[in-house]
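Novice: Quick one, fold the following:
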Amino acid sequence: MFGRRVVASLSFLLASAAGLPAQGPGLKSVIDEGLSELSRRQQPDGSYQDEHVTTSEAVLAFLESPRRYAETDGPFLRRAVQWLAANVDAEGKPAGIAELDEQVAAGAWMQVALARSKSAEAKAALERVRKFLDSDAVKNRPAGKVSEAEFRRTYVLPAKDAAAADLALQPITSVLASTPELDKAEWNRWLLTMPAICADLAARFPDLKLQTTTGDPLHWTSALGGLIVGAMHAPAGFEEASPRQIAAAVRALTICVEKAPPESAAAGSGPPKPTGTPRQPGADLQKSYREAATAGLAWLEQQQKDGKFGFMGRDDPGITALAISAVLRTSQRLGQKAPAWIDPGLDWLVSLQKPNGSIHSGALAVYVTSSAVLALVDGGREKDRAAIDRATLFLKVVQRDEGEGYDPNLDWGFGGIGYGNELRPDLSNTQFGIEGMHAAGVEGDDPAMQRAILFLQRCQNEPEFNARAIERADGRIVKAGTDGGAGYHPGESKAGLVDNGDGTFTARSYGSMTYALLKCYLFAGLPVEDPRVQAALRWIQKNWTVEMNPGFDIKASPGSEYQGLFYYYFTMAKALDASGLDTITTPDGKKHVWRAELLRKLLELSFTEGFWSNQKSTRWMEEFPVLATSYALVAMDSCLGAK
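Specialist: Now for the predicted structure:
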C-alpha cells in the first residue's frame, strides 16, 4: 500500500541508522532535530505561531519526547507554558477567540498541555479552563461540524480489528506518500492527525503489521515512522515546515519510537572486539612509549583512506579528527614529520563546514566541530585559520544563553552546550566545546567562558556553589551532594542517582565528568587555588585510580566502572596536564606521580600490533580500536607534558 517514496525513505532511514555511530540519524535523532528547529520558531512572547493549539501541541511535543523535557530545561518550554496560562481569560476561555466551538476546541488542547505543568500560574489557568469546558454553555451548545483542531485531537480509526485498521490506514498513508501539492489541505490534515492515529494504534492494535510494496510486513511503528520522515523530508525538511507540522510530526515519531517492539538480542551487537598481543612495558617508560607510539602511528596509517577514518563502513569526521590529532601530536613527540595523508584529511574536515560554521556530516555537531577545531589547530596550517574562527563562533553561538532567551536565574542549562540539536546541555559536550574554544585562542575572560562557569557549578556536587535543587521531568528532586565531583548535567549522572532517604536524590559524581569539570574550570580562567577547583581536586584525590572510571555503583551494576574508560584517560590526562600538578596526594598520604602511573597503565593496555581497545565494555564505542587508539595516544602525549 505504500508508494515507492515511502519505501525509499524507510530504506534510507534504516540504512542511515545502521551506518552511523551512536546518536546517528535514527528516529530519536530526527526527533531531536525537529525539536531544535521548533524551539527556533518560538515567538518573542513565548508562543508558537502566536496560536493556542499550536503552542499547546508544541508544549506536548517537548514534554512527551524521548528526552522528556521539563519547564526547568529552558525558555522553549517554560515561556510557552507561561503564554498559555496568560491566554486563559477570567472565564476560562482562550483569549482572542470569539466563536464558541473554536473556544472549546482550543480550550481542550490547552487543558491537556497545562495539566502537565507544575507551575502555580499554569495550575490556576487549568482550573479556569476546566470550569469553562464543564460549563452549561459548552455542554448545551448545539451540535455542529467538528472543528479541525478537535478532529486532530480526538480522531480514532474506524476499525474494530487489525485488518480493518490496515484498511482504514490505506487512504491516509496514500495521501501522505504523495506529493503535498496534489492536495495540500488533505495532506496537511492527515499529517497533523498522525499523533492521534499513532496513539490509537498503540492503544488498540499494538502488534499491527502493515504490508509494503517490497512485500515485507513492517510493524506499524517502523512503517509510519518511515512514512512521516519521508513525507516531511526530515530532518532537513523541518526547516521548511510550519511549527504546527513540526510539533505533530515529532509527537507521532515519539510514539513510534516508544511503542516499537524491542530489538532482538542479535541486533546492534556490533562487531567482535579486536584481539592482539598485550604489550609488556619495561622499566624504561620512555622507551616503551616510543615503541608503542611508533606502532600506534603505523597501525592508524593502515586504517585511513585518503586521510579519512571510518566507522561501520562510513567515513566519520569526528573519529577522523580525533585520529588526526593523535597522529599529529604523537609524530611531533617522536620528532617525525606528519604523514602525507594528514593534509587530505584536514582538507576533508574543512570541506564539511556548514554556513553556520559547524563541521560535521549530519550528526553530533558539537563533538565533531570541537574535535575538528583541535585537529586543525594541531595541523598548524595558516590556510585553516578562517575555518577555525568560523567553527569557534559556532561553538559560542550554540551555547545556551540570553540569545536563546535563557535566564541564568531560572534555567539550569544557562552557559552549557549540548549536542547542537539537543536542547539540554551536558558537561561532556560542554567540555569539548570549551576545549575547542581554548585551543582556538579564546581566553578565559571571554564572555562565553565566563557564562560556562555557572553551568559548571550546577554540575558540581558542592552546595556552596550549587545550592539549587532541580525537579526532573520524572518528579524526582535532585540536589547537590558534598563530594565536589560532577555528574553528566544538573540533575543527571551516567553513574546513576543516589537516594538520600529524605525524598531527594543526588547525581553520582564520576571520574570522566569530574576531570571534565576540572579542565573546563581551568580553561575558563579559574586558578588552581579557587575553591571550586579545590573541591574537584578533593574528589580526585579521594577517588584516585587508573584502573577504572570511578564513581559507578559497582555492586548494582558490575562492570559499569569500565564504561568510557579511554574517554576517562583522555580527559584525565588533559585536565591534570592543564592543572600544572605533578602529583596527586590520596587520603592515606601517598603521593602519586600521575604522569608515570597513567602512562604505564596505557602502555599495559596496548597491543603490540599498535592499537588499543576497551576489552571490558562496549559502551560509547570504545571497543572500536581507532577511537580507543586515538584517545590513548593523545592521553599519553599529555602525560609527557610540554614538548
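Novice: sec struct for Phe505, please.
Specialist: Following DSSP: H, G, I helix; E, B strand; the rest coil, we place Phe505 in the strand state.
Novice: Is it correct that it is in contact with Gly475?
Specialist: No - contact criterion Cβ atoms under 8 Å: Phe505 and Gly475 do not qualify, at 10.7 Å. Any C-beta I mention is one placed from the backbone N, CA and C, and that applies to glycine too.
Novice: out of the two, which sits in the busier spot?
Specialist: Neighbours of Phe505 and Gly475, each counted by other Cβ atoms under 10 Å, are more numerous for Phe505; the result is 22 against 8.
Novice: wait, what's in contact with the more buried one?
Specialist: 476-479, 497-499 (Cβ atoms under 8 Å, 6 or more residues apart in numbering).
Novice: among those residues, which ones are buried?
Specialist: Buried by 16 or more other Cβ atoms under 10 Å: 478-479, 497-498, out of the contacts of Phe505.
Novice: Now do Ala386 against Gln353, distance only.
Specialist: Distance of Ala386 to Gln353, computed by Cβ to Cβ, to the nearest Å: 10 Å.
Novice: Between the two, point out the one with more neighbours.
Specialist: Gln353 (18 against 11).
Novice: Need phi/psi at that one.
Specialist: Here is the backbone geometry of Gln353 (degrees, to the nearest 10): phi -70, psi 130.
Novice: And this structure, what are its domain boundaries?
Specialist: 4-259, 285-639 (automatic domain parsing).
Novice: Can you flag the weakest of those domains by average pLDDT?
Specialist: With a mean of 87, domain 4-259 has the lowest mean pLDDT of the domains of the chain.
Novice: and stretch 304-318, which residues are buried?
Specialist: 304, 307-309, 311, 315-318.
Novice: for stretch 36-54, same thing?
Specialist: 36-39, 41-42, 46-49, 51-54.
Novice: Go through these and name the one nearest Arg251.
Specialist: Distance to Arg251, by Cβ to Cβ, is smallest for Leu38 among the buried residues of stretch 36-54, at 10.7 Å.
Novice: can you confirm that closest one is in a helix?
Specialist: Yes - under three-state DSSP, Leu38 falls within a helix.
Novice: what residues does stretch 433-440 touch?
Specialist: So stretch 433-440 is contacted by 366, 369-371, 373-374, 377, 388-389, 391-392, 395-396, 398-399, 417, 446, 448-449, 452, 519-520, 523-524, 574 (Cβ under 8 Å, 6+ apart).
Novice: Strands - which of the buried residues of stretch 304-318 land there?
Specialist: 311, 315 (DSSP state E).
Novice: quick one: which of the buried residues of stretch 304-318 is nearest to Val104?
Specialist: Ranked by distance to Val104 (Cβ to Cβ), these are led by Gly318 at 50.6 Å.
Novice: isn't the closest one right next to Ser371, touching?
Specialist: Yes - using Cβ under 8 Å, Gly318 is in contact with Ser371, at 5.4 Å.
Novice: What segments of the stretch 351-500 of the chain are strands?
Specialist: 470-471, 477-478, 497-499 (DSSP state E, counting those that start in this stretch).
Novice: Walk me through which strands the last one pairs with, and which way each runs.
Specialist: Based on DSSP bridges, the strands next to strand 497-499 in the sheet, each with its direction, are strand 504-507 (antiparallel).
Novice: Now do the helices in the stretch 401-550 of the chain.
Specialist: All helices of the stretch 401-550 of the chain, identified by DSSP state H, counting those that start in this stretch, fall at 427-439, 447-459, 511-523, 531-542.
Novice: Would you tell me which one of these is buried the most?
Specialist: Per-stretch averages of neighbours, counted by mean count of other Cβ atoms under 10 Å, single out helix 511-523 among those, with a mean of 28.
Novice: what about that helix, distance to the chain center?
Specialist: Relative to its chain's centre, helix 511-523 lies at 19 Å (Cα atoms, centre = their mean, to the nearest Å).
Novice: what does stretch 488-502 give?
Specialist: Per Cα atoms, centre = their mean, the centroid offset for stretch 488-502 relative to its chain is 18 Å.
Novice: Repeat that for stretch 610-626.
Specialist: 21 Å.
Novice: what's in contact with it?
Specialist: So stretch 610-626 is contacted by 21-22, 270-271, 273-274, 276, 292, 295-300, 303, 309, 311, 319, 323, 559-560, 562-567, 602, 605-607, 627-629, 631-632 (Cβ under 8 Å, 6+ apart).
Novice: Kindly report the same for stretch 362-373.
Specialist: Stretch 362-373 is contacted from outside by 20-21, 23-25, 29, 317-318, 321-322, 325, 349, 352, 357-361, 388, 391-392, 394-395, 398, 417-421, 429, 432-433, 435-437, 439-440, using Cβ under 8 Å, 6+ apart.
Novice: go again using 6 Å as the cut-off
Specialist: The contact list for stretch 362-373 (Cβ atoms under 6 Å, 6 or more residues apart in numbering) reads 20, 24-25, 317-318, 321-322, 349, 358-360, 388, 391, 394, 417, 419-420, 429, 432-433, 436, 440.
Novice: that older thread, dump the contacts of Phe505 to CSV, plus distance to Ala596.
Specialist: As requested, these are exported to CSV (distance: Cβ to Cβ, whole Å):
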residue, distance to Ala596
Arg476, 42
Ile477, 43
Val478, 38
Lys479, 38
Leu497, 36
Val498, 33
Asp499, 39
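Novice: Can you check which helix is longest in this structure?
Specialist: Secondary structure of the chain per DSSP state H: the longest helix is helix 184-204.
Novice: Listing partners with orientation, what would you give for the helix or strand that that one is followed by?
Specialist: Sequence order places strand 209-210 as the next helix or strand after helix 184-204, per DSSP states H and E. The pairing partners recorded for strand 209-210 under DSSP bridges are strand 218-219 (antiparallel).
Novice: And the strand it pairs with, how far out from the chain middle?
Specialist: For strand 218-219, the distance to the chain centre is 27 Å (Cα atoms, centre = their mean).
Novice: swap in stretch 388-395?
Specialist: That offset, for stretch 388-395, works out to 20 Å (Cα atoms, centre = their mean).
Novice: tell me which residues in stretch 630-643 are buried?
Specialist: Buried residues in stretch 630-643, defined by neighbour count with 16+ other Cβ under 10 Å: 630-640.
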